[in-house]
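Asks: coords please:
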Amino acid sequence: MTVEALDTHTSSLESIGELAQSLGEPENYFAGKDWSELILPNEVLCFLRSKQTEEDGWGAISTNSKRYDQHRRFVLLIALEGAGQVGVETSLWNLAPSEALVMFPHQAHYYAELADRFSWLFVTFDLPLAFWPEIQELRDSPRHLSEELLAKLDRFLKVWKEANGPQGALESSRILGEILLELASGERLQSLGQESDLVRKIRERVEANLKEDLSVKALADYLGVSGSYLREQFREGAGVSLGHFVRSVRLMQATRLLRDSSLSVREVAEQSGFGSFTAFSRAFGQVYGTSPSVYRKSVAGSPETVPGAPSSIES
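Replies: Down below sits the predicted model:
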């Protein structure tokens, strides 16, 4: 070791020694400084969408796909340029530039209307189930991005883009976690799109009567209109077919019951309004890529373990 290196080595030891002398005695020998309360999203992915397509696919957004999308990951959607309407479950939201919307895993969603010129940022990620309550306020609740949050988002994107290893990925995850927490504590936007009277009546009827006959004929009779008129007006107002809407609401109810109740899978099928256990299992598998029983076991742990790729059901 050279004289210069030896001096540096000695200086470092002295500095460490001084710091060690100033530490004092721990108040608790079994509880130290902890980072476990940090929200650290995992498998973070960022991409931009700025064009529409008439076809299904990953490269663009379609407002004419006539379907709900449902994914197993969180989606943070940020409008950078151009406004649009996003339907999430049974709500329709207006999303304007500098506004953000978080979609939780398996929330059915669709794009109802988009400006001719738009630029929307998508940030998708996984998050351990234990941290879901920390950002629960973001469910079905668009938020405005302050200047501070926009600056933090800019920093997050730069770190994420330049990350070539675990350290960069960890830092970008930490910043994203801060963004989510700040969004969750922010003011809710009153940006819910106005439903037509007919769509509202159908939505309320469906949500309150899942075990009843919700066929087009039954709903048309309830409202006193023709079936063809009902189909046309609902698709125009809600962006998806009536049959698809009813099926999606029933599946959303089923996932809640599987997650939060002790009902058997057959009882869940019945309470959700499926005519048979076979029909329920088939519809569930098409969307979630797994059986109701496996899904229930999966959500009892971490959402990252839920099997199945992102999928949708065509109307």
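Asks: pLDDT averaged over the helix or strand containing Arg250 - what is it?
Replies: Taking DSSP states H and E as the definition, one finds Arg250 inside helix 242-260. With pLDDT averaged residue by residue, helix 242-260 scores 87.
Asks: CA atoms of that helix as CSV?
Replies: What follows is the C-alpha trace of helix 242-260 in CSV, where atoms were taken according to Å, rounded to 0.1, in the frame of the first residue of the first chain:
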residue,chain,number,x,y,z
LEU,A,242,-75.1,-4.0,-22.6
GLY,A,243,-74.4,-7.8,-22.4
HIS,A,244,-70.7,-7.1,-21.9
PHE,A,245,-71.5,-4.5,-19.2
VAL,A,246,-73.8,-6.9,-17.3
ARG,A,247,-71.2,-9.7,-17.5
SER,A,248,-68.4,-7.4,-16.3
VAL,A,249,-70.4,-6.1,-13.3
ARG,A,250,-71.2,-9.7,-12.3
LEU,A,251,-67.5,-10.7,-12.5
MET,A,252,-66.5,-7.7,-10.5
GLN,A,253,-68.9,-8.7,-7.8
ALA,A,254,-67.6,-12.2,-7.9
THR,A,255,-64.0,-11.1,-7.4
ARG,A,256,-65.0,-9.0,-4.4
LEU,A,257,-66.8,-12.0,-2.9
LEU,A,258,-63.9,-14.3,-3.6
ARG,A,259,-61.6,-11.9,-1.9
ASP,A,260,-63.6,-10.6,1.0
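Asks: Ala112 contacts Leu92, correct?
Replies: Yes - in this structure, Ala112 sits in contact with Leu92. The criterion is Cβ atoms under 8 Å, and the distance is 6.3 Å. Where you see a C-beta, it was placed from the backbone N, CA and C, and this is true even at glycine.
Asks: quick one, which of these two is more surrounded?
Replies: Each of Ala112 and Leu92 has its neighbours counted (other Cβ atoms under 10 Å); Leu92 has more, 21 against 17.
Asks: what secondary structure does the more buried one sit in?
Replies: Remark: Leu92 carries the secondary structure label strand [criterion: DSSP: H, G, I helix; E, B strand; the rest coil].
Asks: Would you mark the buried spots in the helix holding Arg250?
Replies: If you call a residue buried by 16 or more other Cβ atoms under 10 Å, then helix 242-260 has these buried ones: 242, 244-255, 257-258.
Asks: which residues touch the helix or strand that comes right after it?
Replies: From helix 242-260 onward toward the C-terminus, using DSSP H and E, the following helix or strand is helix 265-271. Helix 265-271 is contacted from outside by 210-211, 253-254, 257-258, 261, 263, 276-277, 279-281, 292-293, 296, using Cβ atoms under 8 Å, 6 or more residues apart in numbering.
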